[in-house]
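Trainee: give me a 3D structure for the following:
(one chain, ligands or ions: 1)
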Amino acid sequence: MSAHILLVEDESAIREMLRFALSSAGFEISEAEDSLAAQQCIDAAKPDLILLDWMLPGLSGVDFTKRLKSDEATQEIPIIMLTAKAEEDNKIKGFESGADDYITKPFSTRELLARIKAVLRRSQGEASENLVIGQLTLDPKSHRVTATDVVIDLGPTEYRLLKFFMSHQDRVYSRNQVLDQVWGSGVYVEDRTVDVHIRRLRKALEPHGLDAIIQTVRGAGYRCSAQS
Ligand code: CA
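Mentor: Numbers count the residues shown, from 1 in each chain. Below is the predicted model:
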């Protein structure tokens with residue numbers, strides 16, 4: 001898999017280690033030591049994935065992620081956040097900023113490569129026919145989600161979540177099954193992550209009166225259905 005990865009990390013020793021590991025694995029690497037330099041790299045050549053440190057001088061990794069995910073030109077670029085902080089609050093904050101995945105330092109090269117490959121697999125290889133439930137339509141070719149012709153803005157993870165549910169309507173999935181299907185089975189993320197993104201998805205559907213299609217099935221998981 002030859003993809004272009006932008007590495008954003010202010011500590012040169014870690015950057016060097018990552019550059020070595022990733023280029024050995026066949027990736028094309030560009031590097032930046034802060035958000036400003038990273039933005040210049042992105043403007044010059046859009047990467048296939050961004051590996052972004054949480055703690056950066058100037059604009060933090062979290063705020064930079066928010067900015068990238070709210071800009072139409074960059075919101076499709078998957079972001080894996082690197083952090084030394086293991087606290088739950090920070091993880092949730094990381095996900096709410098729109099990061100696609102999260103990895104805590106110290107991590108092994110093998111773990112990092114597995115995450116990168118899983119995220120790239122999800123962001124590439126998509127396809128085909130419109131999915132429809134009630135008034136909601138998802139077009140996988142354009143990544144456009146509409147409710148009676150009004151476009152609904154979704155983050156990349158919410159889009160994948162909705163696409164999975166719309167492809168598997170009227171079936172109940174546990175959090176773990178959703179994690180395996182939407183995040184990938186080789187990837188370690190916590191169950192709560194699913195809840196965070198379900199909440200964001202419902203919030204996006206709510207103004208269109210469609211949040212009830214994503215249903216909580218007590219003690220079992222989640223289901224997507226036009227019937228309440
Ligand atoms: Ca740092």
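Trainee: quickly check: stretch 38-53 near the ion or not.
Mentor: Yes: using CB under 5 Å from the ion, stretch 38-53 reaches the ion at residue 53. No exception for glycine: its C-beta is placed from N, CA and C like everyone else's.
Trainee: quick check: residue 27 vs residue 99, distance?
Mentor: According to CB to CB, to the nearest Å, residue 27 and residue 99 sit 19 Å apart.
Trainee: what's the answer for residue 54, then?
Mentor: For residue 54 relative to residue 99 (CB to CB), the value is 9 Å.
Trainee: when those two are compared, which one has more neighbours?
Mentor: Applying other CB atoms under 10 Å to residue 54 and residue 99 shows that residue 99 carries more neighbours, namely 29 against 23.
Trainee: now residue 120: which helix or strand?
Mentor: Here residue 120, judged by DSSP states H and E, is contained in helix 109-123.
Trainee: buried sites along that helix?
Mentor: 112-120, 122-123 (16 or more other CB atoms under 10 Å).
Trainee: restrict stretch 39-50 to CA atoms and write it as CSV.
Mentor: Extracted in CSV, the C-alpha atoms of stretch 39-50 (Å, rounded to 0.1, in the frame of the first residue of the first chain):
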residue,chain,number,x,y,z
GLN,A,39,-1.4,23.4,6.9
GLN,A,40,1.2,24.5,4.3
CYS,A,41,2.0,20.9,3.5
ILE,A,42,-1.7,20.1,3.1
ASP,A,43,-2.2,23.1,0.8
ALA,A,44,0.8,22.0,-1.3
ALA,A,45,-0.2,18.3,-1.6
LYS,A,46,-3.2,16.7,0.1
PRO,A,47,-2.0,13.6,2.1
ASP,A,48,-3.9,10.3,2.2
LEU,A,49,-3.6,10.3,6.0
ILE,A,50,-2.4,12.6,8.8
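Trainee: got a list of what residue 195 touches?
Mentor: residue 175 (CB atoms under 8 Å, 6 or more residues apart in numbering).
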